[in-house]
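*Asks:* With the sequence up front, the predicted model follows.
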There are 2 protein chains.
Amino acid sequence: MSKQEFVKEITKRDDDFAQWYTDIVLKAELASYSSVKGSMVVRPTGTALWENIKQVIDTRLKELNHENVMMPLLIPEHLLLKEAEHVEGFAPEVAWVTHGGESELAERLAIRPTSEVLFAEHFKDIIHSYRDLPKLYNQWANVVRWEKTTRPFLRTTEFFWQEGHTCHETFEDADKEARRILEVYREVCEDYLAIPVVQGNKTQSEKFAGAVETYTNETLMYDGKALQIATSHHLGDNFSKAYGISYLDKEGKEQFVQQTSWGITTRSIGGMIMVHGDDRGLVMPPRIAPTQIMIIPIAQHKEGVLDKAYELMTSLKENFRVKIDDSDKKPGWKFNESEMRGIPVRIEIGPRDIENQQVTVARRDTLEKVTFPLDETLSDNIQRLVDDIHHNMFQAAKKRQDEKTHHAETMEEFIKYIKEGGFVIAPWAGDESVEEAIKEETGATPRVIRFEDQTLDLTGLKDIWNGEPAKYMVYWARAY
Amino acid sequence: MSKQEFVKEITKRDDDFAQWYTDIVLKAELASYSSVKGSMVVRPTGTALWENIKQVIDTRLKELNHENVMMPLLIPEHLLLKEAEHVEGFAPEVAWVTHGGESELAERLAIRPTSEVLFAEHFKDIIHSYRDLPKLYNQWANVVRWEKTTRPFLRTTEFFWQEGHTCHETFEDADKEARRILEVYREVCEDYLAIPVVQGNKTQSEKFAGAVETYTNETLMYDGKALQIATSHHLGDNFSKAYGISYLDKEGKEQFVQQTSWGITTRSIGGMIMVHGDDRGLVMPPRIAPTQIMIIPIAQHKEGVLDKAYELMTSLKENFRVKIDDSDKKPGWKFNESEMRGIPVRIEIGPRDIENQQVTVARRDTLEKVTFPLDETLSDNIQRLVDDIHHNMFQAAKKRQDEKTHHAETMEEFIKYIKEGGFVIAPWAGDESVEEAIKEETGATPRVIRFEDQTLDLTGLKDIWNGEPAKYMVYWARAY
């Protein structure tokens, strides 16, 4: 297969972004379809990506004294019904179990769409005194939400996530926790996935069903649509009052706990694809890539080449995740394959390289090639390259995000910028009917009120839609 | 609370084994009940135990070139129905989803009781040539089986496990894989959980629904009942024929793949409790214990004690999982608490210890105390102690298992030994109606035909139940 033919297999990103996305998911073998509508089979590369993301988050959460637990998959209907806003938000998306074996159940069971109510019931059991607080729990789980239109990773009826659930003595402690976790998510997104985030609050209409406040990390995809990549909710005492989670404080007075919940899902892999991928295929951020380096022997039938390539792999394995492609395919085919799969670094080693005591190294992000000496400096050189690839990918994404972020002074500008794609910053008076109207007119929703914009002096500024005095500076966008 | 009172909280093991078990699960905070019938909340210690078991198995499977994937939770009914024996085995235990959101589904969906059919569908998609073989897949997942009587860890409607699914070119390759994995499980059980296993085949009536052959690791609990702790199945081409998983061999001829599947579940934690626990509570095997060492300061209000205790914790953390109990409870209470929770090693450090440059170390398995110098030899001394605890726990379990294993020469002996509890070894002619009769009469089932007994010369030996010439030497027992 010639290079031309091979590259042609993936739809051009600017021709049909949705098809390009699907092509990458399937051809880079991240996931495939199954006969289960809306569910996906996550293949070895997709699973390894998720395991690496998991590892980063789990380690960080444990450093912050969080403990993992495993809650039931199924929720009895009566338990789900106790927190009114929460039910209203989730009931339309719930898959119901009605039969066990041959018999109909006395009460139907929801497959968890999220686990606030299960944690609430458990917290009520185990929390009695201020000495039991804080409780900092997390679980790695699958959840099901009955979605009408689905796409691998981005929106699937079953998805995988981590969901944190914590209880605190005071409103302020809970707020601190919700914001701390938002920062953990920022680290994961920016320092590992190389995806820049915009941090702040959701509007009341966009917050989590049952929360007092939802904090979000918003990101912008290549096509200018936003993706909410990870959110953290301050639940206040909404659930603790509905489920009776109280404790005796130091003065012996009964108090309701203040709670948070927060999650990041396999959706983040969809974000990674849509921020970094290009016409050649996937581009994986090196710190999270299951394979960081692919070694491709050139003229591998020649004596000593394969031996040297294996020797190289063994030495690099100490510090990197390395594979070798010693199949009988042509090197050009292997180059394309490695690029399509998004492997950050490709090392070519052939007879001439061995003779010159060097290797040829190609980076996936810029497709540039360099030559490194094949000696004890190689590992450090590769480490610098890997770090540079990470920073370069982050900067490229940041630059694009900045270029696609506009202030709108008028309704016309707002509509124009939304149509072009990207974030549109505009003042808003806080009227929910305006949110509705904008959504209808442009398809855009309020994505985030940035932390740094919450202390702006908005005096004199007017909501561009209804002329009322502005209360918030809002980032708007069409979103996934 | 006096020591006496504290210990009383757990039912005596010999008085009521079932209640003793439940007491330990709840009081050592491994799991607790929820309002979801038959499901459990796995608490931080139980979850950490499972994570450690997972880590050992996952690492070993990856060394053996297995890859993790994530399959859907739900199975469309038509897909489940394709392999007749398999359906028959699992249909009575399936939880059915019939509604998504507000609408009834066109086809009901089973929550996976196991995932052979999902893997089969996927394998059919991705396997075409002998070059695609072997495929060595594994997933970490939750499954649901609608059980009537449930007990935490031992039998729950939802449980957690790893399920491996592999495809091979030949029947022999698949057999080799199934046996290799049985050996991985033996390592986990014996070298980490300190539980001795009896390895061999299941009888045809006891094998996995859809398998050609089931290999098992059988274990014996303190009460003399057997527990099948991990099984590995040779599926032959039963599923590949039913689901059409074929490949072109080197000669270009179409062949069906030969498959295996295998799993180990959270049940292993139940086994760990029932093999090692005693009247004081849980006894955790040190290599898998989430906390290996509990440091308990004595007279901690005295100057320098807590500082020294923390210093000790920091230095031990390099090599062990260590915690400190610096709460304001009395040391005696802390000793009991640490024993009840099964922490393998307790280190006491008080003013006199500090003066004498030593620590007092108590081991959970034998309750013996030793004194170690508080110097650079401590870590090595503790490591030797930890290894000794592991070996001692394994040997104690092995000794009890041997003592509870008897040859039966007559029906009367068989019944007597089964009543006493333990394995009864008896020749069997292979008649399934005899299996049925024994089960009815004694509650015992054939647990395993040991590998080493499969080459015995049984000439002249007779089935003690029907007098027919013996074909197999079988281990029988009542089982969990």
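*Replies:* Nice, thanks for sending it over.
*Asks:* which residues sit in contact with the residue in the stretch 151-300 of chain A that chain B sits nearest to?
*Replies:* Among the residues of the stretch 151-300 of chain A, A:Glu158 lies closest to chain B, at 5.2 Å counting by C-beta to the nearest C-beta. The way it works is simple: take the backbone N, C-alpha and C, and place the C-beta from them, glycine included. A:Glu158 makes contact with A:Gly38, A:Ser39, A:Asn142, A:Val143, A:Val144, B:Pro72, B:Leu73, B:Leu74, according to C-beta atoms under 8 Å, 6 or more residues apart in numbering or on different chains.
*Asks:* can you list the residues of the stretch 101-250 of chain A near chain B?
*Replies:* Taking C-beta under 8 Å from any C-beta of the partner chain as the measure of proximity, the stretch 101-250 of chain A contacts chain B at A:101-102, A:108-109, A:111, A:118, A:121-122, A:125-126, A:137, A:141-142, A:144, A:146, A:157-158, A:160.
*Asks:* For ChimeraX, write a command that selects the buried ones of these.
*Replies:* Selection of buried members from these for ChimeraX, criterion 16 or more other C-beta atoms under 10 Å in any protein chain shown:
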select /A:101,108,109,111,118,121,122,137,141,142,144,146,157,158,160
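*Asks:* Okay, and which of the residues of the stretch 101-250 of chain A next to chain B map to helices?
*Replies:* Judged by DSSP state H, those include A:Leu118, A:Glu121, A:His122, A:Asp125, A:Ile126 as members of helices.
*Asks:* quick one, domains of chain A?
*Replies:* What the record gives for chain A is the domain set A:3-68+A:117-276, A:293-392, A:405-477, from automatic domain parsing.
*Asks:* what's the single longest helix in chain A?
*Replies:* Among the elements of chain A assigned as helix by DSSP H, the one spanning the most residues is helix A:378-403.
*Asks:* on that earlier part again, any idea which of the domains of chain A is most buried?
*Replies:* For these, average neighbour numbers computed from mean count of other C-beta atoms under 10 Å in any protein chain shown are highest in domain A:3-68+A:117-276, which has a mean of 20.
*Asks:* any residues touching stretch A:145-156, and which ones?
*Replies:* Under the criterion C-beta under 8 Å, 6+ apart, residues A:18, A:21-22, A:25, A:30-31, A:33, A:37-40, A:46, A:90, A:92-95, A:113, A:157, A:159, A:227, A:266-267, A:269-270, A:273, A:480, B:100-101 lie in contact with stretch A:145-156.
*Asks:* rerun at 6 Å
*Replies:* Outside of stretch A:145-156, the residues within contact range by C-beta atoms under 6 Å, 6 or more residues apart in numbering or on different chains are A:25, A:31, A:38, A:40, A:93, A:95, A:113, A:157, A:266, A:269-270, A:480, B:100-101.
*Asks:* repeat for stretch A:251-266
*Replies:* Contacts to stretch A:251-266, defined as C-beta under 6 Å, 6+ apart, come from residues A:50, A:116, A:153, A:159-161, A:163-168, A:171, A:174, A:177-178, A:181, A:185, A:230, A:232-235, A:237, A:239-241, A:245-247, A:249.
*Asks:* I'd like the average pLDDT over that stretch.
*Replies:* If you average the pLDDT over stretch A:251-266, you get 98.
*Asks:* And the helices in the stretch 51-200 of chain A?
*Replies:* Listed from the start of the chain, the stretch 51-200 of chain A has helices (DSSP state H, counting those that start in this stretch) covering A:77-80, A:84-90, A:116-126, A:171-186.
*Asks:* Name the nearest residue to the residue of the stretch 301-450 of chain A found nearest chain B, sequence neighbours excluded.
*Replies:* Shortest the stretch 301-450 of chain A-to-chain B distance, computed as C-beta to the nearest C-beta: residue-wise this is A:Ser327, at 9.1 Å. Setting aside the residues directly before and after it, A:Ser327 is nearest to A:Lys334 in space (C-beta to C-beta, 6 or more residues apart in numbering or on different chains), at 7.3 Å.
*Asks:* ok now the helix or strand that neighbour falls within, how far from the chain's centre?
*Replies:* Element membership for A:Lys334 (DSSP states H and E) is helix A:331-340. When C-alpha coordinates are averaged (C-alpha atoms, centre = their mean, to the nearest Å), helix A:331-340 and its chain have centres 27 Å apart.
*Asks:* That one: what's the following helix or strand?
*Replies:* Using DSSP H and E, the helix or strand that directly follows helix A:331-340 along the chain is strand A:345-349.
*Asks:* List the contacts of that next one.
*Replies:* Contacts made with strand A:345-349 from outside it, assessed by C-beta under 6 Å, 6+ apart, are listed as A:Ile293, A:Met294, A:Ile295, A:Ile296, A:Pro297, A:Ile298, A:Ala309, A:Ser338, A:Val359, A:Thr360, A:Val361, A:Ala362.
*Asks:* Could you dump those residues into TSV with distance to B:Thr377 added?
*Replies:* Shown next, in TSV, are the contacts of strand A:345-349 (distance: C-beta to C-beta, whole Å):
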residue	distance to B:Thr377
A:Ile293	42
A:Met294	47
A:Ile295	45
A:Ile296	51
A:Pro297	50
A:Ile298	54
A:Ala309	46
A:Ser338	51
A:Val359	47
A:Thr360	52
A:Val361	48
A:Ala362	52
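*Asks:* In helices, which of these appear?
*Replies:* The members of the contacts of strand A:345-349 that map onto helices under DSSP H are A:Ala309, A:Ser338.
*Asks:* Need the phi and psi values for A:Pro344.
*Replies:* Here is the backbone geometry of A:Pro344 (degrees, to the nearest 10): phi -60, psi -40.
*Asks:* let me fix that: A:Asn356
*Replies:* With angles defined as degrees, to the nearest 10, A:Asn356 shows backbone torsions of phi -90, psi 10.
*Asks:* Just give the nearest non-adjacent residue to the closest residue to chain B within the stretch 101-250 of chain A, would you?
*Replies:* Sorted by distance to chain B under C-beta to the nearest C-beta, the residues of the stretch 101-250 of chain A start with A:Trp146, at 3.8 Å. Spatial nearest neighbour of A:Trp146, chain neighbours left out: B:Gly100 (3.8 Å); criterion: C-beta to C-beta, 6+ apart.
*Asks:* try A:Leu73
*Replies:* B:Glu158 (5.2 Å).
*Asks:* So in terms of bridging, what pairs with that neighbour?
*Replies:* When bridges are assigned using DSSP bridges, the partners listed for B:Glu158 are B:Val144.
*Asks:* For the stretch 101-250 of chain A, give me the ranges with low pLDDT.
*Replies:* Within the stretch 101-250 of chain A, no stretch has pLDDT under 70.
*Asks:* how much space between A:Glu311 and B:Thr219?
*Replies:* 45 Å (C-beta to C-beta, to the nearest Å).
*Asks:* Just the CA coordinates for stretch A:271-286, please, in CSV.
*Replies:* Output for stretch A:271-286, consisting of C-alpha atoms alone and laid out as CSV, is shown next (Å, rounded to 0.1, in the frame of the first residue of the first chain):
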residue,chain,number,x,y,z
GLY,A,271,-11.3,15.5,23.8
MET,A,272,-7.7,14.4,23.4
ILE,A,273,-8.6,13.1,19.9
MET,A,274,-10.4,16.3,18.9
VAL,A,275,-7.8,18.7,20.2
HIS,A,276,-4.7,17.1,18.9
GLY,A,277,-5.5,14.9,15.9
ASP,A,278,-4.7,15.8,12.3
ASP,A,279,-5.2,14.6,8.8
ARG,A,280,-2.7,11.8,9.4
GLY,A,281,-4.6,10.5,12.3
LEU,A,282,-4.3,10.5,16.1
VAL,A,283,-1.7,12.5,18.0
MET,A,284,-1.2,11.3,21.5
PRO,A,285,0.2,13.5,24.3
PRO,A,286,3.4,11.7,25.2
